[in-house]
Structures are given as structure tokens and as C-alpha cells.
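Asker: Need a 3D model of the following:
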Amino acid sequence: HFAVLHDGREVAVKVLRPGMLRIIEQDLKLMRVLAGLVQRMAPDSRRLKPREVVETIAQSVELEMDLRFEAAAAAEMADNFAGDDTFVIPAVDWARTGSRVLTTERIDGFPINDVEGITAAGIDPKTVVENAARAFFNQVFRDGFFHADLHPGNLFVMDGGAIGAVDFGIMGRVDKKTRRNLGEMLLGFLTRDYRRAAEVHFEAGW
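Answerer: Numbering: from 1, shown residues only. From the prediction side, this is the model:
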């Protein structure tokens, strides 16, 4: 929802739908029952660890349903990109944020897949692609902390081709060793050294 504060600032307000936690808990109970049935009735499925998969989903959902975690993720990413005007993170209004309400500054722009609108506004699509790629590579390889839900509904093209991002409910972290492995693999593919790309997979234990 969009709102205007008493001081005139425009904000975006995300509200957890009433009753949603109860519905999700019911769904998770059903998933746990089904996972147990699958493991009992199809022993070969145990290698896929259905129960563990459900618990991983449950942990992720629990984090996503507390909007303070999303606010913290947005703030951390904003710190990582401080001084970089090519990737914009809306500031969190902590005074109006809690477990079930998240308030951030409102950002405006074209959805990143609106090529016609972007071009009509005089923004070079090549600049948009460069800014988006640089932002993602910085997230993964520089910071080890990345937005894991990048789609046109969450990415906007702003003045000059800057990328504005929203919705920080699903984030990912990458340790230094994994970053190095991913970097070497990417380099292998970009330089068409496919043998090296394959070797990195084995060295990483993948």
C-alpha cells in the first residue's frame, strides 16, 4: 500500500494479511504429514529427505513472515551499496515497522521488463543491463549477501538507468570459499575453458 506521512514523505507499507500465520501453520502441518507418508510408502524417497525439505521450507517461511527480518535485510543491503547511485534500496522507516508491518520510502520507476517504457523515457537499455549485472555480481562476489527473489515485480528502472530493488523477504548468503568457486566457474565459462569449469565442480565437491 502507498501512503503519505504527515511530513509529506511518500512511503510503501507492507502489511501481513490477518490470519495468514494460522493458514500457513495449517499448510505446514499437512506438508509434514505428507512428507512422513511419502517416506514410509516409498522408501527410495528417503534419499530426497522429504521431511528435511519441509522443515527447511518452514524455517524460511517463519523468517519471511516476520517483517523485521525483511527490514534488517534491506538495511544491510543499503549499507553494502552506500554511495552507489546505480543500485537503490528504499530506506526503512523503523518507527513505523514491526513484525507485521514494514514501512519504507517509496521508489518509482519502470518495471525492469518494460523495455518500451524504458526506451521511451530516453534510458539506454544497455546501461540498465550493465547496472543490473554489476549490482548482482557485487551482491554475490563482493558482499556474499544477495537478493534471492529478483523478478520484474521487484526491480525498477529509475532515472539514468539506476536499478531500484524492493521486497527483501528472501535473501541468500554465500561464504568466501563458495564465492571463489563460483567465480572460477564463471570465468571458465566466459573464457570457454570448460575443462577448468568442470574441474572446479569436482574440487568444490559438487
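
Asker: Which residue ranges of this structure form helices?
Answerer: Secondary structure of the chain (DSSP state H): helices located at 20-41, 50-65, 67-80, 115-120, 125-137, 176-190, 194-203.

Asker: What separation do you get for the residue lying closest to R195 once chain neighbours are set aside and L30?
Answerer: Nearest residue to R195, sequence neighbours excluded (CB to CB, 6 or more residues apart in numbering): G188, at 7.9 Å. For glycine as for every other residue, the C-beta is placed from the backbone atoms N, C-alpha and C. According to CB to CB, to the nearest Å, G188 and L30 sit 43 Å apart.

Asker: count of residues packed around H1?
Answerer: Using other CB atoms under 10 Å, H1 is surrounded by 8 other residues.

Asker: Do I have it right that it meets A12?
Answerer: Yes: with contacts defined as CB atoms under 8 Å, H1 counts as touching A12 at a distance of 7.3 Å.

Asker: Which residue lies nearest to V174 in three dimensions, sequence-adjacent residues excluded?
Answerer: V174 sits nearest to G144 (CB to CB, 6+ apart), 4.6 Å away.

Asker: What about that neighbour? Give its phi and psi, please.
Answerer: Main-chain dihedrals, G144, degrees, to the nearest 10: phi 70, psi 20.

Asker: what does the one 10 residues further on give?
Answerer: Main-chain dihedrals, N154, degrees, to the nearest 10: phi -110, psi 0.

Asker: Give me the pLDDT for it.
Answerer: N154 carries a pLDDT value of 95.

Asker: With E64 instead?
Answerer: 86.

Asker: try the one 5 residues further on
Answerer: pLDDT, F69: 95.

Asker: Check the one 4 residues further on too.
Answerer: Per-residue confidence (pLDDT) for A73: 97.

Asker: Next up, the contacts around the residue lying closest to it once chain neighbours are set aside.
Answerer: Leaving aside its sequence neighbours, A73 sits nearest to F168 (CB to CB, 6+ apart; 4.1 Å). Contacts here follow CB atoms under 8 Å, 6 or more residues apart in numbering; on that basis F168 touches E70, A71, A73, A74, M77, H147.

Asker: What is the most widely separated pair among those?
Answerer: Greatest spacing in these, by CB to CB: A71 and H147 (14.3 Å).

Asker: Which strand residues bridge the nearest residue to G109 once chain neighbours are set aside?
Answerer: Spatially, and ignoring its direct neighbours in sequence, G109 is nearest to F156 (3.2 Å; CB to CB, 6+ apart). Taking DSSP bridges, one obtains P111, G164 as the residues bridged to F156.
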